[in-house]
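[1] Dropping the sequence and predicted coords here.
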Amino acid sequence: MSLDLKQLLRVAKKAALAAGVEILTIYESGDFSIEAKSDDSPLTLADKAAHRKIVSFLEETGMPILSEEGRDIPFEERSEWEYFWMVDPLDGTKEFIKRNGEFTVNIALIHKGKSILGVVYPPVIGEMYWALDGQGSFRERNGEVAQINTTKKSLNESGLKVVASRSHMSAETEGYIAKFENPEIVSKGSSLKFLLVASGEADVYPRFGPTMEWDTAAAHVIVTEAGGRVVLDDETTPLEYNKENLLNPYFLVLPS
């Protein structure tokens, strides 16, 4: 199967932008007093509206779609997929509810366990990040496109910027950060944490907490194409996709 990845990237970007419009409409007018997980909360409505919009674009490609909003596809079925879309229509539910704008639309194309195309779009911030396997990583900001790169710093350097939550850090995360000399903690929501490393605004992101494959797939290829790595805590094994269990193991986002 030969794919026109550039054409698929165009479709994914259009889908992400259109989903962003749906999300912002609800975000700007929604009734945030409603319990977050209830069916008529702004969060649920935005999630579902974004999912529907993304699917309407991606289904034209003829490839299967695995989305957080439509998740129950048996492993026996999806293990046969050579290529498929992996989507999180609204990543960063806490950020959405807090109304701090740090949530994203994540769209990835997976091929044999690897993310080969990724688009991450934070609609409130209005930037778009993307990467294609072997083609570098890019950010569009205020209509200008620039290639982004990790810092490539060694983890032995002093003063590394480490992405972590300031409010609730696990014991494992604290233990990992304690190994660094004079680290500076940088905080962001959703898959924007990956993008801090991809764009060189931070050096390392340890994740010793639960995430799902659709939380990481799109940003993973953006980090890789920017010169970084997304690996298990052995620091060598890459994070894989389309596993029987879609929960990710703990992982590290490294600058090189």
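    The structure has been received and is ready for your questions.
[2] who's in contact with T237?
    Contact analysis of T237 by CB atoms under 8 Å, 6 or more residues apart in numbering lists V231. For the C-beta atoms, the positions are set from N, CA and C on the backbone; glycine is no exception.
[3] Equivalent analysis for the one 3 residues further on, please.
    For E240, the set of contacting residues under the criterion of CB under 8 Å, 6+ apart consists of 113-114.
[4] Kindly report the same for the one 5 residues further on.
    N245 is in contact with no residue at all, counting by CB under 8 Å, 6+ apart.
[5] Going by residue numbers, what spans are strands in the stretch 101-250 of the chain?
    Using DSSP state E, counting those that start in this stretch, the strands of the stretch 101-250 of the chain run over 104-111, 114-121, 128-132, 137-141, 144-148, 161-163, 184-186, 205-207, 229-232.
[6] List the strands paired with the first one, with their directions.
    So the one you mean is strand 104-111. strand 83-91 (antiparallel), strand 114-121 (antiparallel) (DSSP bridges).
[7] ok, now the fourth one?
    According to DSSP bridges, strand 137-141 forms sheet pairs with strand 128-132 (antiparallel), strand 144-148 (antiparallel).
[8] Which one of the strands paired with strand 104-111 lies nearest to G228?
    strand 114-121 (12.8 Å; CB to CB).
[9] Could you give the separation of the worst-scoring helix or strand of the chain on mean pLDDT from the chain centroid?
    Lowest mean confidence among the helices and strands of the chain (mean pLDDT, DSSP states H and E): helix 93-98, at a mean of 92. Its chain's C-alpha centre and that of helix 93-98 lie 15 Å apart, by CA atoms, centre = their mean, to the nearest Å.
[10] Could you do stretch 80-99 as well?
    Centre to centre, stretch against its chain (CA atoms, centre = their mean), the figure for stretch 80-99 is 7 Å.
[11] Kindly export it (C-alpha atoms) in CSV.
    What follows is stretch 80-99, C-alpha atoms only, in CSV (Å, rounded to 0.1, in the frame of the first residue of the first chain):
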residue,chain,number,x,y,z
GLU,A,80,-4.9,-6.6,11.3
TRP,A,81,-4.7,-2.9,10.4
GLU,A,82,-1.6,-2.0,8.5
TYR,A,83,-2.4,1.8,8.7
PHE,A,84,-4.9,3.5,10.9
TRP,A,85,-5.7,6.9,12.4
MET,A,86,-5.4,7.4,16.1
VAL,A,87,-7.3,10.3,17.5
ASP,A,88,-7.8,12.2,20.7
PRO,A,89,-10.4,14.8,19.8
LEU,A,90,-9.8,16.8,23.1
ASP,A,91,-6.7,16.0,25.1
GLY,A,92,-6.4,17.9,28.3
THR,A,93,-9.8,17.6,30.0
LYS,A,94,-8.6,19.2,33.2
GLU,A,95,-7.2,22.2,31.2
PHE,A,96,-10.5,22.5,29.4
ILE,A,97,-12.5,22.6,32.7
LYS,A,98,-10.0,25.0,34.2
ARG,A,99,-10.3,27.2,31.1
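[12] Same list (the strands paired with strand 104-111) but as a markdown table, adding distance to E201.
    A markdown table is the format used below for these (distance: least, CB to CB, whole Å):
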| stretch | distance to E201 |
| --- | --- |
| strand 83-91 | 18 |
| strand 114-121 | 14 |
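[13] I'd like to know which of those strands is closest to E244.
    Of the strands paired with strand 104-111, the one closest to E244 (CB to CB) turns out to be strand 83-91, at 14.9 Å.
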